[in-house]
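Asker: quick one, what's the 3D model for this:
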Amino acid sequence: MKLPSRRSPYLVIAGALSILLGLTVAWSQTARTVKIVVPYPAGGTADILARILGEQISRTEGVTLLTENRPGASAVIGTEAVSRAAPDGSTLLITSTAFLIAPHLRKLNYDPLTSFEPICQLVSTPIIVVVNSESPYRTFADWLNAARAKPGSLTLASIPAGLSRIAFEMLKRAANVDISFVPYPGDAPAVNALLGGHVTAVFLPYSGVAAQLKAGQLRALASASRTRSESLPSVPTVAESGFKGYEADNWNGLFAPAKTPNETVSELAGWFAAAMQIPEVKAKLVAQSLYPAWMCGADFAALLSKQYNEFGRVIREANIKAD
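Answerer: The predicted structure follows:
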C-alpha cells in the first residue's frame, strides 16, 4: 500500500511565506494608488486643489494620486460614493463647506460627522461683503448704519441655499439689521446685478469678485473670515468690526471613509502637509484664491461639529430650502 507523501516542513513554511508575501505586495500596490474623488465638475476650486496637491504628492511620495470628478445632486453623488468605499486609504474625498449644509436641506444616505474620517482642512476662501465702487457706503459701518436707518431698503445678492446665504443670515442676526436677500444662480449674475445698480451689495467668495475689485469696479467692505485675507489686508473682518465670534469661511477639506485606520490617516495627512509647505504649491493655490488653512485631526473634527450645528440652526430659523 502506498503511503501518503509527507511534505517537507520547509516547503510548507516557504509556501505560506510566498502567499503572505504575495498578499503584502498586492496590498502595497493597491495602497500606492490613491483616488481623490471631487464631487464637483472639473475646473472648480476643489478640483484645482486636488490636482495641484495630487501632482505634487505623486512626484515626492512615490505614490499615484488620481483625481476623479463625480458631480451631481449638489455634490451628494460623489460624497456618498466615498462614504461606501473601503476604509483602506485608497479612496479619499476633497470637498467644501457645502458638505455640512446639504444634510440639513435633503435626506441623505450618509452622515457628514459619522460616515467619514476627517483628515485635514486644507485651504479656505474668504467670503466678502462688496458694494459698487460708486456706492456711498465707504465702510462696513456705513452700510450697516444705512440698513438700520431704512429697514428693508437695502438689498444683498448671493447664491441661495449655500454658505453665502447662511453667512448673510448669521450677519443679519449678529448686527440686528433688516436687509433684503436677492437670490442669484451664480457669482457672475450676482456681480452683474451689483455693477448694474440692481442690488446694494453682494456677499460672495473672493474668487467671484477678485477681478472687479482689482479693476476698481467694486469696493470690499468686510470679510467673513476669522482673520484678514492675504489679498485684502486693509479690509476688516466682520468679527473685528464689532461682532466678536462671527466667522464663515468657505473651506476645502480632505476626508476618508469612516473606520480608516489611524496610521493611514496620519500618513495621508503627512503627505498633504508636506505638499502644502512647498512654496511653488502655495503660490499656485493663492493664485486661485485658495489660502492654506491647515487644521487636522481632533481640531478639524471639532470645527465640523460646531459648523454643522450652527448651519443647521440658521437654516431652520431662516427657513432656507434646497435650490
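Asker: low-confidence ranges, the stretch 1-150 of the chain, go.
Answerer: Residues of the stretch 1-150 of the chain meeting the criterion pLDDT under 70: 1-31.
Asker: need the helices for it, in chain order.
Answerer: Assigned by DSSP state H, counting those that start in this stretch, the stretch 1-150 of the chain shows helices spanning 9-31, 45-60, 76-83, 98-105, 140-149.
Asker: got it, and the stretch 201-323 of the chain?
Answerer: Taking DSSP H, counting those that start in this stretch to define them, one finds helices in the stretch 201-323 of the chain at 206-214, 262-276, 279-287, 297-318.
Asker: so who does F311 touch?
Answerer: Residues near F311 by CB atoms under 8 Å, 6 or more residues apart in numbering: 100-101, 104, 166. From N, CA and C alone the C-beta is placed, and that goes for glycine too.
Asker: pLDDT score for it?
Answerer: Per-residue pLDDT puts F311 at 97.
Asker: cool, the one 3 residues further on as well?
Answerer: According to the prediction, V314 has pLDDT 97.
Asker: circling back: save the helices of the stretch 201-323 of the chain as JSON lines, and put in distance to Y184 too.
Answerer: Output for the helices of the stretch 201-323 of the chain, formatted as JSON lines (distance: least, CB to CB, whole Å):
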{"stretch": "helix 206-214", "distance to Y184": "11"}
{"stretch": "helix 262-276", "distance to Y184": "33"}
{"stretch": "helix 279-287", "distance to Y184": "26"}
{"stretch": "helix 297-318", "distance to Y184": "17"}
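Asker: most tightly packed of the ones you listed?
Answerer: Highest mean neighbour count of the helices of the stretch 201-323 of the chain: helix 206-214, a mean of 18 (counted as mean count of other CB atoms under 10 Å).
Asker: now the angle from that one to helix 45-60?
Answerer: Counting by axes from the mean of the first three to the mean of the last three CA atoms, to 10 degrees, helix 206-214 lies at 100 degrees to helix 45-60.
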